[in-house]
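Novice: Got a predicted structure here, sequence first:
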Amino acid sequence: MIIAKDIKKMLRALEVESDHKKNGTAADRKFRRADVKWPATIRAERGHACLHEEEREVSGIIKDISANGARIDVDGLFFEKNNLLLQTAQLGAIRCDLVWRRGNKIGLQFSEDPEKILRKLQELIPGFENPLS
């Protein structure tokens, strides 16, 4: 028997798939993306973007990354939006903002210089190319 919770999960999954087909085409992007599976944490610090009185942190896996953003599957819900800190072993700490959220999948836009991040990605990912033209 399907219950309301299951239906909501299925609708969220369809929404994510539809959104990526509609908005996630390579023609719409300024920078190439690379598929990765990097563990990461995202933190909202008290006094910046945190909706709560304490710092809020969530763990997840970066699924794809570019010089100006990343798509991450997070472990739990994350509602904070601005002045976030993404931490990875590969890239260190990067300031970012949340630009979309679909269930446990979130999209981040980096606040730092894309050229600096691009150089790091080229060192880490063999064959990673320059920005799209």
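Specialist: Looks like it came in fine.
Novice: Could you verify my assumption that residue 39 touches residue 61?
Specialist: Yes - with contact defined as C-beta atoms under 8 Å, residue 39 reaches residue 61; the gap is 6.1 Å. Backbone N, C-alpha and C define where each C-beta goes, glycine included.
Novice: low-scoring pLDDT stretches of this protein, where are they?
Specialist: Along the chain, the model assigns pLDDT under 70 to residues 1-29, 45-55, 130-133.
Novice: all helices for it, in order.
Specialist: 4-23, 114-124 (DSSP state H).
Novice: Residue 69: what's it in contact with?
Specialist: 96, 99, 107-110 (C-beta atoms under 8 Å, 6 or more residues apart in numbering).
Novice: Out of those, which end up buried?
Specialist: With neighbours counted using 16 or more other C-beta atoms under 10 Å, the contacts of residue 69 contain these buried positions: 96, 107-108, 110.
Novice: and the residues you listed, which of them are in strands?
Specialist: Those of the buried ones among the contacts of residue 69 mapping onto strands are 96, 107-108, 110, per DSSP state E.
Novice: Identify the residues contacting the nearest residue to residue 69 once chain neighbours are set aside.
Specialist: Counting by C-beta to C-beta, 6 or more residues apart in numbering, the nearest residue to residue 69 once its immediate chain neighbours are dropped is residue 109, at 4.6 Å. Neighbouring residues of residue 109 by C-beta under 8 Å, 6+ apart: 68-69, 96-97, 99.
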